[in-house]
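**Student:** just coords:
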């Protein structure tokens, strides 16, 4: 330890990390005092009152999602980690945008699906069934237009999907991506 | 007194048009004077070079160049007009390995989607109030990724650099001179190890996980 420290302290090589002090340009431009709560509330209203139809926003992501699942079946679940990454892309978009466009339940469902997809090491038929169940749930949410506060129907859908994920990892405890194997 | 964003230019990048519109409207409510928009990393970099914004807010996943590619270009391209620009990455990813990947290309702040107006404001306020020092090393250029020494931090110090993170070049020079002095006093040759008892060091030592 000491030897390492001395080496470190006496090392003046040019390839050592160079540090640059923080730049305060922004502070100089905007001044001080922050923004008032009323301004932030006005900005929040932009989200709350936007009338974009999220079903239109989500449509291309749902297409990519379905294509990813079709590809997985076509490839007989080979190269499944690549296929999983393809399904992750639309899933993260649904998660990111759902609540911003009045569909918080889509964000919840997609968050759970993302959790599942990040953790499995490879797709098997059971995993694909679960992904398919998520796709059906999202479809159902759009058809019933389950906007706004999450209703009992929404809670029920979430509970079923959570249980399906739990059952999967109980049945296939080894189908876990290596990066998660040491986590409890 | 309140922040005045009238003279601030923000570049926002997202391939999702409604999202871009939403973000632009929110920044307008904050009073941002100039808002430039782009729908992918490549277009964004050209606009970044042209307009030299004060802040970049970008989505991660876009085609053909995504937000991480954009951050790499801004931090490392030869033609970049401001490699130090504060960069907020918007993303739906929260898994550690994804966040680390983005952090390692020089992202300043993360904005987890979906977000509220308060979340967006807090990230911008952080850029204003606590700008970070930059680091250039062999394989990284960007805001300092290392945690600051904190008296209430109870975790393990993992990196070698954690021990000497506050040491400047001139302090290292002084240390070298001090060691040379000790070597001379004690008749120690360069090739010999120096024992702890031989020198007096005034430095806070911390435990490292690999010790």
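**Tutor:** Looks like it arrived, so ask away. These numbers come from a predicted model, not from an experiment.
**Student:** what residue is smack in the middle of chain B?
**Tutor:** residue B:143 (2.1 Å; C-alpha atoms, centre = their mean).
**Student:** likewise chain A?
**Tutor:** Note: chain A centre (C-alpha atoms, centre = their mean) maps to residue A:92, 4.0 Å.
**Student:** so what's it closest to, chain neighbours aside?
**Tutor:** Nearest non-adjacent residue to residue A:92, counting by C-beta to C-beta, 6 or more residues apart in numbering or on different chains: residue B:92, 4.0 Å away. For glycine as for every other residue, the C-beta is placed from the backbone atoms N, C-alpha and C.
**Student:** and the one you found, what are its phi and psi?
**Tutor:** Main-chain dihedrals, residue B:92, degrees, to the nearest 10: phi -90, psi -10.
**Student:** do you know how far residue B:137 is from chain A?
**Tutor:** Residue B:137 sits at a distance of 4 Å from chain A (criterion: C-beta to the nearest C-beta, to the nearest Å).
**Student:** tally of neighbours for that residue?
**Tutor:** 13 (other C-beta atoms under 10 Å in any protein chain shown).
**Student:** show the pLDDT at it.
**Tutor:** pLDDT for residue B:137: 89.
**Student:** what's opposite it in the beta bridge?
**Tutor:** Residue B:137 has these beta-bridge partners by DSSP bridges: residue B:140.
**Student:** how close does the residue nearest to the centre of chain A get to residue A:47?
**Tutor:** 19 Å (C-beta to C-beta, to the nearest Å).
**Student:** could you do residue A:163 as well?
**Tutor:** 32 Å.
**Student:** which of these two has more neighbours?
**Tutor:** Taking other C-beta under 10 Å, residue A:163 and residue A:47 do not tie; residue A:47 has more neighbours (20 against 10).
**Student:** just give the nearest non-adjacent residue to that one, would you?
**Tutor:** Closest residue to residue A:47 apart from its sequence neighbours, by C-beta to C-beta, 6+ apart: residue A:100 at 6.0 Å.
**Student:** surely the one you found meets residue B:21?
**Tutor:** No - if you go by C-beta atoms under 8 Å, residue A:100 and residue B:21 don't touch, sitting 11.3 Å apart.
**Student:** the more surrounded of those two?
**Tutor:** The neighbour comparison of residue A:100 against residue B:21 (other C-beta under 10 Å) goes to residue A:100, with 23 against 16.
**Student:** for that one, give me its contacts.
**Tutor:** A:47, B:19, B:22, B:113, B:114, B:115 (C-beta atoms under 8 Å, 6 or more residues apart in numbering or on different chains).
**Student:** let me have these in TSV, extended by secondary structure and distance to residue A:132.
**Tutor:** Formatted as TSV, those follow (DSSP: H, G, I helix; E, B strand; the rest coil; distance: C-beta to C-beta, whole Å):
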residue	secondary structure	distance to residue A:132
A:47	helix	32
B:19	helix	27
B:22	helix	31
B:113	coil	25
B:114	coil	25
B:115	coil	30
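**Student:** nearest to residue B:67, of those residues?
**Tutor:** Closest approach to residue B:67 among the contacts of residue A:100 (C-beta to C-beta): residue B:113, at 11.7 Å.
**Student:** looks to me like residue B:56 is in a helix.
**Tutor:** No - counting by DSSP: H, G, I helix; E, B strand; the rest coil, one finds residue B:56 to be strand, located in no helix.
**Student:** and it, how far is that from chain A?
**Tutor:** 12 Å.
**Student:** low-confidence ranges, chain B, go.
**Tutor:** Along chain B, the parts satisfying pLDDT under 70 run over B:146-168, B:191-211.
**Student:** and the helices in it?
**Tutor:** For chain B, the helices defined by DSSP state H occupy B:17-30, B:41-51, B:67-76, B:96-103, B:117-129, B:169-186.
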